[in-house]
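**Student:** Got a predicted structure here, sequence first:
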Amino acid sequence: MSSENGATPDRMQWGGLIRAIATHQDRAAFAALFEYFAPRIKAFMQRSGASEASAEELAQETMLAIWRKAALFDPASVGAAGWIFTIARNLRIDAHRRERRGGIIATSDVEAEFQIDDSPQPDSRLATAQSQEQIRSALSKLSDDQMRVVELSFFEEKAHAEIAQILGIPLGTVKSRLRLAMSRLRNLLSELS
């Protein structure tokens, strides 16, 4: 997108366009973001090793996610371009994981009889079970507020800004509760071991 003088919008204008999408489902704002960012996202994907078709698809998915998630944009936490490219990167990672789960085996893969068994040994399973029990015990000692933030952040994989919105608390409070919870967990786990 170019402004009247031919320059591209700055960070503040991009954030304003995202807010316009969030509040008014502004199609012109979305078109401006699409025009500027879609080709850049596609190029980013291709530099990351995606085919042209896959890069195009990921760019489209990213722009669709921006439309759907515009209300989650927090200009205080990250700039618009950073937020957009984080969405793109996450979608690329998800696509890569889907490809790997698809069971496609390349001819360059090692034959089955030469594969190493990476499954955990019985003693490591016991150690893991003991560690999990210690972690459960430590988690149960967190305050309800801290536990809720930990659940949303680590178990539901929500962004800090999204947690703040869900809980109706400031972003700084989310970060503070997480920091305090992690400190408390470290102390509790060191006491248990």
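**Tutor:** That came in fine, so what should we check first?
**Student:** Can you point out the buried residues in the helix or strand that residue 63 is a member of?
**Tutor:** If you go by DSSP states H and E, residue 63 is part of helix 52-69. Across helix 52-69, burial judged by 16 or more other C-beta atoms under 10 Å covers 54, 55, 56, 57, 58, 59, 61, 62, 63, 65, 66, 69. To be clear about C-beta, it is placed using only N, CA and C from the backbone, and glycine gets the same treatment.
**Student:** how near is the residue nearest to residue 188 when sequence neighbours are not counted to residue 189?
**Tutor:** Leaving out its chain neighbours, the residue that sits closest to residue 188 by C-beta to C-beta, 6 or more residues apart in numbering is residue 138, at 3.9 Å. Distance of residue 138 to residue 189, computed by C-beta to C-beta, to the nearest Å: 5 Å.
**Student:** Looking only at neighbour counts, state which of these two leads.
**Tutor:** residue 138 (19 against 15; other C-beta atoms under 10 Å).
**Student:** residue contacts, the residue nearest to residue 188?
**Tutor:** Shown in contact with residue 138 (C-beta atoms under 8 Å, 6 or more residues apart in numbering): 184, 185, 188, 189, 192.
**Student:** Show me what the helix holding residue 63 is in contact with.
**Tutor:** 18, 21, 30, 33-34, 37-39, 41-43, 45-46, 50, 84, 87-88, 91-92, 95.
**Student:** switch the cut-off to 6 Å
**Tutor:** The contact list for helix 52-69, computed with C-beta atoms under 6 Å, 6 or more residues apart in numbering, reads 30, 34, 38, 41, 42, 45, 46, 87, 88, 91, 92.
**Student:** element containing the first one, please.
**Tutor:** To tie it back to what came earlier, the one meant is residue 30. If you go by DSSP H and E, residue 30 is part of helix 27-47.
**Student:** so how many other residues sit close to residue 31?
**Tutor:** What residue 31 shows, counting by other C-beta under 10 Å, is a neighbour count of 12.
**Student:** repeat for residue 176
**Tutor:** Residue 176, neighbours per other C-beta under 10 Å, totals 14.
**Student:** go on, residue 44?
**Tutor:** 19.
**Student:** what does residue 43 give?
**Tutor:** When neighbours are counted by other C-beta under 10 Å, residue 43 comes out with 12.
**Student:** List the contacts of it.
**Tutor:** Under the criterion of C-beta under 6 Å, 6+ apart, residue 43 has no contact partners.
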